[in-house]
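**Student:** fold the following.
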Amino acid sequence: MDAVVLVGGKGTRLRPLTLSAPKPMLPTAGVPFLTHLFSRIRAVGITHVVLGTSYKAEVFSEHFGDGSSLGLELEYVVEEEPLDTGGGIRNVADRLREDDVMVFNGDILSGVDLAGVVGTHRDNAADVTLHLVKVADPRAFGCVPTDAEGRVEAFLEKTENPPTDQINAGCYVFRREALLSIPTGRRVSVERETFPGLLAEGKRLQGHVDTSYWLDLGTPGAFVQGSADLVRGIAPSAALPGPAGEAIVLDGAQVHPEAVVTGGSTIGAGCVVEAGARVDGSVLFDGATVAAGAVVERSLLGARSTVGAQAVLRDVVVGDEATVGARCELLSGARVWPGITLPECGVRFSTDA
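**Tutor:** Numbers count the residues shown, from 1 in each chain. The predicted model follows:
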């Protein structure tokens with residue numbers, strides 16, 4: 001079986017961090033997020049992986065190369081213009097070798113049993129199998145009802161009264177014939193066009209339904225949560241650069257004995273966390289500094305950024321090489337763009353800075 005990973009998005013909801021790198025390449029529990037997904041793909045026995053890229057496509061190939069260091073064979077296909085999920089899948093078809101292909105959205109953190117998804121596909125001789133995850137509140141998602149045999153019945157838009165708690169989890173298995181039915185050279189949505197069209201043709205779309213760990217990492221809050229869940233071992237990965245626990249501190253980082261680092265935080269290489277500082281459930285990219293007495297909670301600090309003494313950051317994104325001055329207080333949703341310096345001021349910010 002081949003695998004396709006779709007990584008063409010610009011990650012606009014994670015700006016300014018994605019100004020310098022695509023979302024799947026952002027450090028997540030100490031390594032680029034895609035490394036965690038690759039480890040799960042390799043564990044299920046798939047070795048040939050095709051990446052559908054677009055935004056900053058060269059970053060992927062420069063980091064992973066041919067994939068041999070991960071026990072994989074990687075190929076890269078660049079979209080000249082955005083093609084959406086269906087168009088992105090069809091765009092890589094000429095690189096596929098097998099009759100079945102497993103497709104992943106490159107920004108989903110999931111604990112689904114991938115071998116189980118493949119088994120469901122083959123046991124039911126399905127044209128397409130979809131991983132469907134049950135969520136506590138499906139109102140924010142499109143819903144996918146299935147019948148008693150697990151066959152997909154429809155694809156429904158968001159509604160205040162969803163008829164099911166099953167949502168599309170962004171992982172599929174396609175038979176080659178179904179994949180080749182997707183039109184070429186234009187944007188195609190799998191949920192609005194491909195899957196409804198296959199249903200109308202009488203094709204078998206099978207649901208693999210479970211309640212496994214699942215998180216879309218598209219927003220800063222979700223990204224921080226996903227990284228922390230990986231660090232603490234709540235979300236599965238064989239790619240952690242250290243044992244699961246309250247924190248991962250990468251080589252070359254300096255954490256003062258009187259600093260407190262908890263909540264599944266990641267402290268990147270070359271970072272400095274000074275005495276009396278507290279870092280909780282946060283991600284510090286390489287070279288970031290948290291000065292004495294500062295508090296950083298549920299936040300993302302870009303590479304070589306600085307948080308001044310006694311500053312307080314909660315639910316904040318700080319761009320690469322930005323500086324938050326001493327005693328500043330940044331709260332929910334504040335974003336400091338790369339290279340910006342907020343002077344020592346004792347002022348509270350809660351919007352983009």
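**Student:** from now on I want contacts and neighbour counts done on CA atoms only, so please keep to that.
**Tutor:** Fine.
**Student:** now stretch 166-173, how far from the centre of its chain.
**Tutor:** Its chain's C-alpha centre and that of stretch 166-173 lie 15 Å apart, by C-alpha atoms, centre = their mean, to the nearest Å.
**Student:** so which bits of that stretch are buried?
**Tutor:** Residues 166-173 are the ones in stretch 166-173 that count as buried (16 or more other C-alpha atoms under 10 Å).
**Student:** do the same with stretch 219-239
**Tutor:** 220-237, 239.
**Student:** same question for stretch 132-145.
**Tutor:** Quick answer for stretch 132-145 (16+ other C-alpha under 10 Å): 132-135, 138-139, 141-145.
**Student:** out of these, give me the two with the largest separation.
**Tutor:** Based on C-alpha to C-alpha, the longest span within the buried residues of stretch 132-145 runs between 132 and 139 and measures 14.9 Å.
**Student:** so where's the stretch 51-200 of the chain uncertain?
**Tutor:** For the stretch 51-200 of the chain, not a single residue meets the criterion pLDDT under 70.
**Student:** all helices for it, in order.
**Tutor:** 57-64, 84-91, 114-123, 176-180, 195-200 (DSSP state H, counting those that start in this stretch).
**Student:** for residue 221, helix, strand, or coil?
**Tutor:** helix (DSSP: H, G, I helix; E, B strand; the rest coil).
**Student:** got a list of what it touches?
**Tutor:** Residue 221 makes contact with 298-299, 315 under the criterion C-alpha atoms under 8 Å, 6 or more residues apart in numbering.
**Student:** check for me that residue 10 belongs to a helix.
**Tutor:** No: per three-state DSSP, residue 10 lies outside any helix segment and is coil.
**Student:** does it really touch residue 57, like I thought?
**Tutor:** No: checked against C-alpha atoms under 8 Å, the pair residue 10 and residue 57 is beyond contact range at 10.5 Å.
**Student:** now do the contacts for the residue nearest to the spatial centre of the chain.
**Tutor:** The centre of the chain sits closest to residue 107, judged by C-alpha atoms, centre = their mean, with a distance of 2.8 Å. Contacts for residue 107 (C-alpha under 8 Å, 6+ apart) come out as 7, 23-24, 33, 216-218.
**Student:** take the residues you listed and keep only those in strands.
**Tutor:** Among the contacts of residue 107, the ones falling in strands (DSSP state E) are residue 216.
**Student:** contacts only, for the closest residue to residue 215 other than its chain neighbours.
**Tutor:** The spatial neighbour of residue 215 that comes closest, neighbours along the chain excluded (C-alpha to C-alpha, 6 or more residues apart in numbering), is residue 109 at 5.2 Å. Neighbouring residues of residue 109 by C-alpha under 8 Å, 6+ apart: 37, 213-217, 226, 235.
**Student:** if you set the cut-off to 7 Å instead, what comes out?
**Tutor:** 214-217 (C-alpha atoms under 7 Å, 6 or more residues apart in numbering).
**Student:** what's the closest of those to residue 16?
**Tutor:** Closest to residue 16, out of all of those and judged by C-alpha to C-alpha, is residue 217, at 15.0 Å.
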